[in-house]
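> coordinates for the following, if possible.
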Amino acid sequence: ESSATCEVYESEEEMTEPLKQCMAWLHAYFCEPTTVESLPIPAFHHPLLQQDSFTRQVLWTLLKDVKFGEAVSYKQLADLAGNSRAARAVGGAMRSNPIPIIIPCHRVIRSSGQTGNYGGGNLMKEWLLSHEKLQKEKLAY
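Sure thing, here's the model as predicted:
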């Protein structure tokens, strides 16, 4: 359990609206996870998320369908995104994710239950999964 306090020290007046939305989303993710799903999805302007591609479909499917505290295999995510034979392509989509945590690629694991790789390092992936599991268990009480 984290003992860190959740405070933001930057001046909000100087931030763009998408940055404010991302900041609110990250604050909610780490400090008030029950509110994450009620927040608007920040506006993403990354070119990868603007073009029509399987990678974009996978990332949007992950963002919308795999909820806080859940995990999905690469194959399951390929199924959800519309191509059941594209598990390897899902791995490529996770590697190219321009906004990890907000688009929660850490929730994608191997069919065996092993965590698999993560751009932020495997320890970070395990920590994020543990954070979500712990928060979800707290909500169950």
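> quick check: the gap between the most centrally placed residue in the chain and P33.
Note on the chain: the residue nearest the mean C-alpha position is P104, at 1.4 Å, using Cα atoms, centre = their mean. For P104, the distance to P33 (Cβ to Cβ, to the nearest Å) stands at 12 Å. For every residue, glycine as well, the C-beta is placed using N, CA and C.
> also I103?
16 Å.
> which one's more surrounded, the two?
Using other Cβ atoms under 10 Å as the criterion, I103 and P33 rank with I103 on top: 23 against 18.
> would you map the strands across this protein?
Ranges of strands in the chain, per DSSP state E, are 72-73, 108-109.
> who does the helix or strand of the chain with the lowest mean pLDDT touch, helix- and strand-wise?
The weakest-scoring helix or strand in the chain, judged by mean pLDDT, DSSP states H and E, is helix 47-50 (a mean of 74). Contact partners of helix 47-50 among helices and strands, from 3 or more Cβ pairs under 8 Å, 6 or more residues apart in numbering; DSSP states H and E: helix 54-65.
> so E126 touches Q114, yeah?
No: applying Cβ atoms under 8 Å as the test, E126 and Q114 come out as separate, 10.6 Å apart.
> neighbour count for these two, which is higher?
Neighbours were counted for E126 and for Q114 using other Cβ under 10 Å; E126 has more, 13 against 9.
> can you give me the pLDDT of the closest residue in space to T35 that isn't next to it in sequence?
Leaving out its chain neighbours, the residue that sits closest to T35 by Cβ to Cβ, 6 or more residues apart in numbering is A28, at 4.6 Å. With respect to pLDDT, A28 scores 92.
> got it, and K75?
pLDDT recorded at K75 is 96.
> okay, now Q57: neighbour count?
When neighbours are counted by other Cβ under 10 Å, Q57 registers 16.
> identify the residue nearest T34 in space, chain neighbours excluded?
Of all residues not flanking T34 in the chain, L139 sits nearest, at 6.3 Å (Cβ to Cβ, 6+ apart).
> with that, I have no additional questions.
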